[in-house]
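[1] 3D model of this:
(one chain, ligands or ions: 1)
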Amino acid sequence: MSVLTTSASVEALPFYSPSGAECVLFDHAYRNRLPVLLKGPTGCGKTRFVAHMAARLGRPLYTVSCHDDLTAADLTGRYLLKGGETVWVDGPLTRAIREGAIVYLDEVVEARKDVTVVLHPVTDDRRILPLERTGELLEAAPGFMLVVSYNPGYQNILKTLKPSTRQRFVAIEFGFPDPDAEAAIVARESGLPKERCMPLVRVANALRDLKGQDLEEGASTRLLVYAATLIRDGVKPDVALEAAVLQPLTDDPEVMKALARVADIAL
Ligand code: ADP
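    Numbers count the residues shown, from 1 in each chain. Next comes the predicted model:
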């Protein structure tokens, strides 16, 4: 079985810079046992937010990056052969339900359809998980919380959440932080002084304005952190920008030229 989880014990508070009421909202959802859906583009801080909130709430966190081969059994568990014996091994969802942990399914729309079947009873107020293979009916321990994310920017009609699924979640929308806050985040994450991060944020915002025209996705905060890290390490800003921001955005040479022009003007 592929390694699907990064299980984290409760550790030091990961840095997260809020841009609205998301921390308060998440806290209310947690205390009222409501599942949460995070919507937003890639690299805008959703995963960091969940790590921050899990640590703040003192809950262990299981993170699953969903992909198109991910099945319900990958989440619930399966029988495996161990030393000649067949033993049941819990998946991350089952573990979180038993332990009262937070489980975060990143890009949940990527997963196979049978995943929604296990999520439905978990998200309603019964908070149960029937495990057909073991005959168990698990009730979620206090502290259990389901968090999922998806990126509405990928306009794929086949890969969207059905209303019957999305209407089971409190949804929080994420966008990119305002320029000053984003420069502070990039500075803190990379170690490059904030005033040297400002031009990178300007470029990112100019590129984000091209989204939908030449680009499927705008430049993420994650990419800015990469660029700033390279610059802090001595790479020239234009070289760092091309390697860490422009090249990951497109493979099309014409679009690349247009992006380079936009970046040049903004820098
Ligand atoms: P997503 O899950 O939305 O794809 P991540 O949470 O992995 O994005 O964010 C990518 C990186 O960007 C993080 O590792 C962190 O360095 C930085 N980042 C983005 N937004 C924030 C934020 N609000 N506070 C702190 N770091 C952030």
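[2] how about stretch 241-248, does it get close to the ligand?
    No. Figure legend: stretch 241-248 not in contact with the ligand (Cβ under 6 Å from any ligand atom); closest approach 12.5 Å. The C-beta positions use only the backbone N, C-alpha and C, and glycine is treated the same way.
[3] Flag the shaky bits of the stretch 51-200 of the chain, pLDDT-wise.
    For the stretch 51-200 of the chain, the stretches flagged by pLDDT under 70 are 154-158.
[4] how close does the residue nearest to residue 112 when sequence neighbours are not counted sit to residue 55?
    Nearest non-adjacent residue to residue 112, counting by Cβ to Cβ, 6 or more residues apart in numbering: residue 71, 5.0 Å away. Separation of residue 71 from residue 55 (Cβ to Cβ, to the nearest Å) stands at 30 Å.
[5] more crowded one of those two?
    Each of residue 71 and residue 55 has its neighbours counted (other Cβ atoms under 10 Å); residue 55 has more, 19 against 15.
[6] you'd agree that one is up against residue 23?
    No. The criterion here is Cβ atoms under 8 Å, and residue 55 misses it with residue 23 at 11.9 Å.
[7] ok, now how distant is the nearest residue to residue 142 once chain neighbours are set aside from residue 56?
    The shortest distance from residue 142 to any residue other than its chain neighbours is 5.4 Å, reached at residue 100 (Cβ to Cβ, 6+ apart). Separation of residue 100 from residue 56 (Cβ to Cβ) stands at 16 Å.
[8] Repeat that for residue 14.
    Distance from residue 14 to residue 56, counting by Cβ to Cβ: 9 Å.
[9] Kindly report the residues of the stretch 151-267 of the chain close to the ligand.
    177, 185, 189, 221, 222, 225.
[10] got a winner among those for most neighbours?
    Highest neighbour count within those, by other Cβ under 10 Å: residue 185, with 25 neighbours.
[11] need the contact list for the residue nearest to residue 112.
    111, 112, 114, 115 (Cβ atoms under 8 Å, 6 or more residues apart in numbering).
[12] ok, those vs residue 31, which is closest?
    Taking Cβ to Cβ as the measure, residue 115 is the one of the contacts of residue 71 closest to residue 31, at 26.3 Å.
[13] Just the element for the closest one, please.
    Taking DSSP states H and E as the criterion, residue 115 maps to helix 114-123.
[14] what's downstream of that helix, the next helix or strand?
    strand 128-131.
[15] Could you pull out the buried residues of that following strand?
    By 16 or more other Cβ atoms under 10 Å, the buried positions in strand 128-131 come out as 129, 131.
[16] residue of the protein with the smallest distance to the ligand?
    residue 45 (2.5 Å; Cβ to the nearest ligand atom).
[17] mind checking the backbone torsions on that residue?
    Main-chain dihedrals, residue 45, degrees, to the nearest 10: phi 110, psi 10.
[18] mind listing what residue 220 touches?
    Counting by Cβ under 8 Å, 6+ apart, residue 220 touches 41, 42, 43, 44, 176, 204.
[19] what would those residues look like in JSON lines with secondary structure?
    Below are the contacts of residue 220 laid out as JSON lines (DSSP: H, G, I helix; E, B strand; the rest coil):
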{"residue": "41", "secondary structure": "coil"}
{"residue": "42", "secondary structure": "coil"}
{"residue": "43", "secondary structure": "coil"}
{"residue": "44", "secondary structure": "coil"}
{"residue": "176", "secondary structure": "coil"}
{"residue": "204", "secondary structure": "helix"}
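[20] what's the most distant pair in those residues?
    Maximum pairwise distance in these, criterion Cβ to Cβ, is 13.2 Å, between 42 and 204.
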